[in-house]
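Chemist: Quick one, what's the 3D model for this:
(chains A and B, ligands or ions: 2)
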Amino acid sequence: MKEINKVRFEFLSRSVNESLARAYIAVFCAQADPTVDEVGDVKTAVSEAVTNAVVHAYPDTLGRVRVVARLFDDSSVEVVVRDWGVGIADVQKAREPLFTTGDDMRSGMGFTIMESFCDKIKVKSVPGKGTTITLRKSFSTKAGDGAAI
Amino acid sequence: MNIQASLTADGLVFRLSGEIDHYSVQSAFEFIESTLSETPAGAVALDFAEVSFMDTSGLALIIKTGKAVGADVGGLSVINANTRIRQILDVAGLSSAVLREDAQ
Ligand SMILES: Nc1ncnc2c1ncn2[C@@H]1O[C@H](COP(=O)(O)OP(=O)(O)O)[C@@H](O)[C@H]1O
Ligand SMILES: [Mg+2]
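Modeler: Numbers count the residues shown, from 1 in each chain, chains lettered A, B, ... in the order given. Ligands and ions are numbered 1, 2, ... in the order given. Below you'll find the model as predicted:
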């Protein structure tokens, strides 16, 4: 599996940037010619990961959020969302459905949705240092299929 | 995102459009809450026909609206939700409570 493209962008943890991040990723994924549903899956999962960085990682401050996306020659994508915020004390607990430390505008279903819309999700977090979420998704179309121009 | 309310023969319908995420959900709920307090309605529906994107912020919106409507979330109908939105409701175990098949 060879990397064929890579993008990296960083933004301030303002809520308004959530739509920017998922739109950017959707355009990047389009290079692998995925189905509309497949892009939608990645968009939704990225929105969850980025929203978590905005809402939970930096509760009373603005901080940096970095997204690195890589496209591979087997028509799969990896998206890494990283923050340098408060971190997660108990990752296993945080990933349970309905678990939330947020207010009533949070459902506690973010990790569950990331899991069901991606093939794989990895969570690395150090309290006080930050959190890294790695999402992986394979697309049904093989890279190189169709008329690439 | 945008939200409009209309009083129909079937009750109060909120038409949502655009992208529902954490950024847009708070003001949407405030609009729903204030409309509900001014317009007593029997049935309340959230119409998702024009919603192009929703993440789990939309789940919180549906749950909070359901609570504002009545004792349990079943007093609220979600209509015209696309496949992806239905999938999110499914994962959250909300589908049977709020989804209505007889959407116009
Ligand atoms: N980037 C992060 N930084 C700190 N805490 C996080 C982060 N992401 C998730 N969490 C923790 O994990 C919990 C569950 O996240 P999630 O499943 O997305 O639900 P929600 O965002 O609705 O609370 C959050 O309430 C929070 O406590
Ligand atoms: Mg979340």
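
Chemist: Can you point out the buried residues in the lowest-mean-pLDDT helix or strand in chain B?
Modeler: When each helix and strand of chain B is scored by mean pLDDT, DSSP states H and E, helix B:95-98 comes last, with a mean of 88. Buried residues in helix B:95-98, counting neighbours by 16 or more other CB atoms under 10 Å in any protein chain shown, are found at B:97-98. In this view, the C-beta of every residue, glycine as well, is placed from N, C-alpha and C.

Chemist: Could you point out which residue ranges in chain B have low pLDDT?
Modeler: Along chain B, segments meeting pLDDT under 70 span B:71-74, B:101-104.

Chemist: which phi and psi does the residue in chain B positioned nearest to ligand 1 have?
Modeler: Using CB to the nearest ligand atom, the closest approach of chain B to ligand 1 is made by residue B:56 at 5.8 Å. Torsion angles at residue B:56 (phi, psi; degrees, to the nearest 10) stand at phi -70, psi -10.

Chemist: distance of it from ligand 2?
Modeler: To ligand 2, residue B:56 is 6 Å away according to CB to the ion, to the nearest Å.

Chemist: Burial check on the closest residue to residue B:6 other than its chain neighbours, number of neighbours?
Modeler: Closest residue to residue B:6 apart from its sequence neighbours, by CB to CB, 6 or more residues apart in numbering or on different chains: residue B:13 at 5.4 Å. Close neighbours of residue B:13, defined as other CB atoms under 10 Å in any protein chain shown, add up to 19.

Chemist: helices and strands around the helix or strand hosting residue B:13, which ones?
Modeler: Using DSSP states H and E, residue B:13 falls within strand B:11-20. Judged by 3 or more CB pairs under 8 Å, 6 or more residues apart in numbering or on different chains; DSSP states H and E, the packing partners of strand B:11-20 are strand B:2-8, helix B:22-38, strand B:44-54, helix B:56-69.

Chemist: Partner strands of that strand and their direction?
Modeler: Strand B:11-20 has its sheet partners listed here by DSSP bridges as strand B:2-8 (antiparallel), strand B:44-54 (parallel).

Chemist: how about it as CSV, C-alpha atoms only?
Modeler: C-alpha atoms of strand B:11-20 as CSV (Å, rounded to 0.1, in the frame of the first residue of the first chain):
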residue,chain,number,x,y,z
GLY,B,11,-49.5,20.6,13.4
LEU,B,12,-46.4,22.6,13.7
VAL,B,13,-43.7,21.7,11.1
PHE,B,14,-40.1,22.9,11.3
ARG,B,15,-38.3,22.9,7.9
LEU,B,16,-34.6,22.6,8.4
SER,B,17,-32.2,23.2,5.6
GLY,B,18,-28.4,23.1,5.0
GLU,B,19,-25.9,21.6,7.4
ILE,B,20,-26.7,20.6,11.0
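
Chemist: Report the buried residues of that strand.
Modeler: With burial defined by 16+ other CB under 10 Å, the residues of strand B:11-20 counted as buried are B:12-16, B:18-20.

Chemist: related to what we said a few turns ago, list the residues that contact the residue nearest to residue B:6.
Modeler: For residue B:13, the residues meeting the contact criterion (CB atoms under 8 Å, 6 or more residues apart in numbering or on different chains) are B:5-7, B:44-45, B:47.

Chemist: So it versus residue B:48, what's the distance?
Modeler: Separation of residue B:13 from residue B:48 (CB to CB, to the nearest Å) stands at 11 Å.
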